[in-house]
Structures are given as C-alpha cells and as structure tokens.
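Participant: Here is a sequence together with a model predicted from it:
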Amino acid sequence: MIELDAEDGKLRVLARGAMGRTGGRGGAAVRDTHGRTYAAGTVELTALPLTALQAAVAAAISSGATGFEAAVVVAGKLSDPGVAAVREVSPTARIIFSDVKGAVFDVLDADDHYGVENPIAAQRPDDDAAGARKVPAGFDLDTESEVFE
C-alpha cells in the first residue's frame, strides 16, 4: 500500500469528493505551484468529453495556474490524456492514481512517461520478479478499471 503525505492525501479527498458530487465515473484534483487546489469530475457531454484530470487541469489553467506540483486521479486510467496535459505544463509533477475507494495503485514521477504511451508494458521497480504489475484486488489491467461485483 502506497501512503500519501498530508498534502497529497488532501488532493485524494478532493478528487473523491468531485467524483461523488458529479456522479461521474472519475474524479481528479491538482495542486498548483502556489499550493492552490482544483478538483473536477468526469465531463460526459457530447460536445465536450473530458476526463476528470483534463477537467481539473483546465480549471487550474483557466484560473491562472502556471505549474503543478501534484495531481491525484480517482478511478481513472493510467493512459488518461490528462497525464499529457499535466506533463505539458509541469514535466516534474507527481501524478497519483487510486481506485474509487482511495487506495493508491500507481504513482507517476517526473521520469515516468509510460503512462501516456503504454501503461501496462513498462516495468517499474515495484513489479514482482516475473514483471507482473502489483495492482489492487479487483483491478482489471485489460480495461484499466476496477471490477465491481
């Protein structure tokens, strides 16, 4: 289990709250370089489909943010196009992924760019000896989502 510091834990709470308020499939929150936070849920409009991370980045940029320290994505995919948006603004920002319950299953640091191209194929130091990804129980690597029964 990956533990978060207090500031990143706050982002997780904000992201889960945004997901709950909107009733969407995901939530995200970002912290800019001034410590301000922005949270958003998934936008599912025909004319404007956005992942929660894309929506949170858009809210931050439209409010004048010029850089990010960190982002938390709840119930999102590692291949989320919002990762590229965060990296465009701040290549060194940490991006944390959790399931809907808030359990962290991956963290993309500054040198982790595989989240955009191929999230499953890249090996990380916390993989097991056979190279299999360690993910929470019930997480489906084929769809990059949590399986509900």
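Facilitator: Done, it's in.

Participant: pull the helix or strand with minimum mean pLDDT from the chain.
Facilitator: When each helix and strand of the chain is scored by mean pLDDT, DSSP states H and E, helix 114-117 comes last, with a mean of 46.

Participant: In the chain, which helix is the longest?
Facilitator: helix 6-22 (DSSP state H).

Participant: after it, next one along is what?
Facilitator: Helices and strands here follow DSSP states H and E; after helix 6-22, the next one along the chain is strand 27-32.

Participant: Tabulate the CA atom coordinates of that next one in PDB.
Facilitator: Provided in PDB are the C-alpha atoms of strand 27-32 (Å, rounded to 0.1, in the frame of the first residue of the first chain):
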ATOM      1  CA  GLY A  27     -12.500  12.500 -10.100                       C
ATOM      2  CA  ALA A  28      -9.300  14.300 -10.100                       C
ATOM      3  CA  ALA A  29      -7.500  17.100  -8.200                       C
ATOM      4  CA  VAL A  30      -4.400  19.100  -9.000                       C
ATOM      5  CA  ARG A  31      -2.200  21.300  -6.800                       C
ATOM      6  CA  ASP A  32      -0.500  24.300  -8.500                       C
END
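
Participant: Fine by me, we can end here.
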